[in-house]
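Q: after the sequence you'll find the predicted model.
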Amino acid sequence: MAWKEYNLDRIAQKLVLAAKLRDRDSLNQSFKMRESVSYGLERFWGEHLRLQSKEPNKAQYWKETWEKLVETMAEAGIPIPNDTVEVNDTKSVQAMAEKLWELKLEDQRITLAVLTQLCDCLVWWTQRYKGTKER
């Protein structure tokens, strides 16, 4: 097997910069993302739904991070579900969560390891770029 670089650091940098351009305060989500990894893929995925109505910029940061994870895992040959759902459509939320629960255990573990590294990179870039509030 040959080495394949997935550029997680570059992906994280772009995510952090995009989030900062939208709303500097959304960068605090980087730390929350890293903390939430230990709760599993379905909880990480679902967090953007919780934030959708009250804090859309934060929700977008979570969703974009999830989408980059899905793309990265596809490159690695591990398909991760990524259905578009609305928070008020309980059946589609339930169906998406079930798909995540049904992933093979090995695929879950690999994906969580990649997500952990991606979130570590997000935290690193957040610490570099957050700065102080612009006037």
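A: Good, I have the coordinates. Numbering: from 1, shown residues only.
Q: how far does the longest helix seen in the chain sit from its chain's centre?
A: For the chain, the longest helix by residue count, based on DSSP state H, is helix 105-129. The chain centre lies 8 Å from the centre of helix 105-129; the measure is C-alpha atoms, centre = their mean, to the nearest Å.
Q: now do the buried residues in it.
A: By 16 or more other C-beta atoms under 10 Å, the buried positions in helix 105-129 come out as 107-108, 110-112, 114-115, 117-123, 125-126. For the C-beta atoms, the positions are set from N, CA and C on the backbone; glycine is no exception.
Q: in the chain, which spans are helices?
A: With DSSP H as the criterion, the chain has helices at 8-22, 29-36, 41-51, 56-75, 90-101, 105-129.
Q: quick check: V87 touching Q52?
A: Yes. Assessed by C-beta atoms under 8 Å, V87 is found in contact with Q52 at 5.4 Å.
Q: need the residues touching each of these two.
A: Contact criterion C-beta atoms under 8 Å, 6 or more residues apart in numbering; residues shared by V87 and Q52: none found.
Q: ok, back up a step: residues touching the longest helix of the chain, excluding its own?
A: For helix 105-129, the external contacting residues (C-beta under 8 Å, 6+ apart) are 6, 8-9, 11-13, 15-17, 20, 27, 30-31, 33-34, 37, 40-41, 44, 65, 68-69, 72-73, 76, 78, 80, 103.
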